[in-house]
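Enquirer: Here is a sequence with its predicted model. Questions after.
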Amino acid sequence: MHVDQGIILNVMGLTKTFSGVKALDNVQLTVRKGEVHALMGENGAGKSTFMKLLIGLLTPDSGEIILDGEPLQTSNVNDVLKKGISMIHQEILAVPELTVAQTIFLGRETNPGLFRWLDDRKLTQQAGALLDQMGVSIPPTAKMKHLSVAERQMVEIAKALSNDAKVIIMDEPTSALADNEVATLFRLIRELKEKGVAIIYISHKMDEIFAIADTITVLRDGQYIVTKPVSELDQRTLITLMVGREIDTLFPVNNSPKGAEVLSVKDLSRTGKFSNINFAVQAGEVLGIAGLMGAGRTEIARAIFGMDPISSGGIFLNGNAVTIKSPHDAIRQGIGYVSEDRKAFGFIPRLSVKHNITLSSVSTHVKRGFIQARREAETAQAMIADLRIKAASPDQQVTYLSGGNQQKVIIGKVLLSKPALIMLDEPTRGIDIGAKAEIYKLINQLTADGIAVILISSELPEILGLSDRILVLSQGKQTAMLAQADATQETIMQYAMHPY
């Protein structure tokens, strides 16, 4: 039961135009107290613009926003925050040198003393109590630069909860979370509902939407499409409403013949991160790696790619022992890596699509010390066409592409280095269902071309739908190697939660 079924937020006729193009056109939204209201739509549907208008980052051209019965007439982010709207952003822009406690209360530090010194002890105590209430074991004194993506996401959630908001906007809040962290978040959401707090929930993960949402509103191409109770929708109908067409089977069947062993690791260890890892992957095969946060999935990929040192064990390519001390070594050996944090490690935001695609292979376009611009442009254009990257031109800055197209640019960059093995770490994090389907087809094409793929994902349906075999990790140790036919979500979770 909700505390109050009254309307807390009412948006009417919201319109926003950029350079003559309507990003939002007469959009409406009604959210009730104690409700989880999912806002759904593909990238480019207008969700981000809509949220920026709600939190005061943008000013609408027309329309009205009513919060708790009063018109919200300010376009100042701090004013909107004080009036009761808080947001958890998908892309986390943390200050690396701040502690967790300082980050949670950033901009709201108070000290009534004469000299108004920052009371770090008090902030740490308050942050520690909040994190304990959330059931999250992150030290409040830890610096943000030392946290994983998932841990930084949990800090952002704590920051929003500390604001005592009437409406909390959650933009892909679980994009970097494993199942146990998602369970923690959902518990917190249910507690907030009981207190009458409204949640606007944005996610591309269908199973989450149907697990947590009460109501769904769909946007498409900047326009309002429909609002329905979640009980009146199923996944197929919702996808059709979002994309305006039906998407056939989401996960393509991998019928690629399996070739020779490309990579194997034997007793691979990194002190404090993972130990005694053993697996092999063949040409044309997708090896999935599953596990909860802290299980060591990303750490293993980083070690293989030379981003982090290994303590012991061996890496073998085509049966031969190799030494990889840097990403440059890995690329020379035929290994490609797409990081889970695409903005930090995947591309350079202010560079063009063309220059990002050719970044790792620029030496192949050099003659007598000069880059052959025409040849570079032709190579980039061919990759843009092959991967169906949607960009205004090859010279468009990659930062302005959708998440799905940014991911394609990164994959294109990796492909130009002609790898025999590609490691994909959360390749569909934060991208819409249509873009996911395209990434899945691309993975299928990679295996058809004889490339070995290691897929790391927090989404179990993705792991199950794409992998030929699944390596399960728990607390830095491998607990199972499952054939696709033997794997279920329940089986994977059983091994992922294996105690050590």
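Expert: Sure thing, it's come through. Numbering: from 1, shown residues only.
Enquirer: contacting residues for V286?
Expert: 254, 443, 447, 453-455, 466-468 (CB atoms under 8 Å, 6 or more residues apart in numbering). Just so you know, the C-beta spots here come from the backbone N, C-alpha and C atoms, and that holds for glycine as well.
Enquirer: Now render the residues you listed as a markdown table, adding distance to S137 and secondary structure.
Expert: Compiled in a markdown table, those are given as follows (distance: CB to CB, whole Å; DSSP: H, G, I helix; E, B strand; the rest coil):
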| residue | distance to S137 | secondary structure |
| --- | --- | --- |
| N254 | 38 | coil |
| I443 | 34 | helix |
| T447 | 38 | helix |
| V453 | 33 | strand |
| I454 | 28 | strand |
| L455 | 28 | strand |
| L466 | 31 | helix |
| S467 | 30 | coil |
| D468 | 35 | coil |
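Enquirer: By neighbours, which of these wins?
Expert: Of all these, V453 has the most neighbours under the rule other CB atoms under 10 Å, reaching 28 neighbours.
Enquirer: Beta-bridge partners for that residue, please?
Expert: Going by DSSP bridges, V453 is paired in beta bridges with V286, I422.
Enquirer: before we move on, what about L39?
Expert: T217.
Enquirer: I'd assumed S363 was in contact with Q372.
Expert: No: using CB atoms under 8 Å, Q372 makes no contact with S363, being 11.3 Å away.
Enquirer: Looking at these two, which is more packed in?
Expert: Between Q372 and S363, Q372 has the larger neighbour count (other CB under 10 Å), namely 14 against 8.
Enquirer: any idea how far the more buried one is from A385?
Expert: 20 Å (CB to CB, to the nearest Å).
Enquirer: hmm, back to that, now do the shared contacts for Q372 and S363.
Expert: Counting by CB under 8 Å, 6+ apart, Q372 and S363 have no common neighbour.
Enquirer: Can you classify T103 by secondary structure?
Expert: Three-state call for T103 (DSSP: H, G, I helix; E, B strand; the rest coil): helix.
Enquirer: neighbours around it, how many?
Expert: With other CB under 10 Å as criterion, T103 counts 23.
Enquirer: Is it correct that it is in contact with E97?
Expert: No: contact criterion CB under 8 Å: T103 and E97 do not qualify, at 10.2 Å.
Enquirer: Pull up the overlap in contacts between those two.
Expert: M144.
Enquirer: so is the closest residue to A448 other than its chain neighbours in a helix, a strand, or just coil?
Expert: Distance criterion CB to CB, 6 or more residues apart in numbering; nearest residue to A448, sequence neighbours excluded, is S256 at 4.9 Å. In three-state terms, and counting by three-state DSSP, S256 is coil.
Enquirer: what's the pLDDT at S256?
Expert: Note for S256: predicted pLDDT of 85.
Enquirer: same thing with R116?
Expert: 54.
Enquirer: start to end distance for stretch 294-313?
Expert: 20 Å (CA to CA, to the nearest Å).
Enquirer: Low-confidence stretches in the stretch 51-200 of the chain?
Expert: For the stretch 51-200 of the chain, the stretches flagged by pLDDT under 70 are 90-93, 109-118, 176.
Enquirer: So which residues of the stretch 51-200 of the chain form helices?
Expert: 77-83, 100-104, 120-134, 149-161, 179-194 (DSSP state H, counting those that start in this stretch).
Enquirer: so can I have TSV of the contacts of V286 showing distance to M87?
Expert: Putting the contacts of V286 into TSV (distance: CB to CB, whole Å) gives the following:
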residue	distance to M87
N254	39
I443	32
T447	39
V453	35
I454	34
L455	31
L466	32
S467	34
D468	40
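Enquirer: Give me the lowest-pLDDT entry from the residues you listed.
Expert: Scoring those by pLDDT puts N254 last, at 82.
Enquirer: That one is in contact with N444, isn't it?
Expert: Yes: at 5.8 Å, N254 counts as touching N444 under the criterion of CB under 8 Å.
Enquirer: Show me which of the contacts of V286 is closest to T240.
Expert: Nearest to T240 out of the contacts of V286 is L466 (CB to CB; 22.9 Å).
Enquirer: check contacts around that closest one.
Expert: Per CB under 8 Å, 6+ apart, neighbours of L466: 251, 254, 286, 288, 440, 443, 455.
Enquirer: go on, T488?
Expert: Taking CB under 8 Å, 6+ apart, one finds L464 in contact with T488.
Enquirer: Can you check what pLDDT the model gives it?
Expert: 89.
Enquirer: go on, the one 5 residues further on?
Expert: Confidence at M493, expressed as pLDDT, is 83.
Enquirer: for Y500, same thing?
Expert: Value for Y500, per-residue pLDDT: 54.
Enquirer: so L416 makes contact with D386?
Expert: No: look at L416 against D386 with CB under 8 Å: they stay out of range, at 10.6 Å.
Enquirer: higher neighbour count, those two?
Expert: Using other CB under 10 Å as the criterion, L416 and D386 rank with L416 on top: 21 against 13.
Enquirer: From K343, how far off is that one?
Expert: 20 Å.
Enquirer: The spatially most central residue of the chain and T240, how far apart?
Expert: Among the residues of the chain, R429 comes closest to the average C-alpha position under CA atoms, centre = their mean, at 3.1 Å. Going from R429 to T240 by CB to CB gives 24 Å.
Enquirer: again with R220
Expert: On the measure of CB to CB, R220 and T240 end up 10 Å apart.
Enquirer: And for L351?
Expert: Note on L351: its distance to T240, by CB to CB, is 37 Å.
Enquirer: Quick check: G13 is in a strand.
Expert: Yes: counting by three-state DSSP, G13 is located in a strand.
Enquirer: one step back: so which of L351 and T240 has more stuff around it?
Expert: L351 (16 against 13).
Enquirer: Quick one: neighbours of L359, just the number.
Expert: 16.
Enquirer: now swap in the one 10 residues further on and tell me
Expert: Neighbour count for G369, taken as other CB under 10 Å: 5.
Enquirer: before we move on, what about T99?
Expert: Neighbourhood size, T99 [other CB under 10 Å]: 20.
Enquirer: Could you do T479 as well?
Expert: Residues lying near T479 (other CB under 10 Å) number 19.
Enquirer: In which helix or strand does it reside?
Expert: strand 477-483 (DSSP states H and E).
Enquirer: in that strand, what's buried?
Expert: 477-480, 482 (16 or more other CB atoms under 10 Å).
Enquirer: Show me what secondary structure element comes after that strand.
Expert: helix 489-496.
Enquirer: and that next one, what other elements does it pack with?
Expert: When contacts are defined as 3 or more CB pairs under 8 Å, 6 or more residues apart in numbering; DSSP states H and E, helix 489-496 packs onto helix 460-466, strand 469-474, strand 477-483.
Enquirer: Residues touching that helix, excluding its own?
Expert: By CB under 8 Å, 6+ apart, helix 489-496 touches 179, 290-292, 295, 460-461, 463-464, 470, 472-474, 479-480, 482.
Enquirer: swap in stretch 467-475?
Expert: 254, 258, 274, 279, 285-292, 294-297, 300, 455, 463-464, 478-484, 487, 492, 495-500.
Enquirer: at 7 Å what do you get?
Expert: The contact list for stretch 467-475 (CB atoms under 7 Å, 6 or more residues apart in numbering) reads 254, 279, 285-291, 294-297, 455, 463, 478-484, 487, 492, 495-498, 500.
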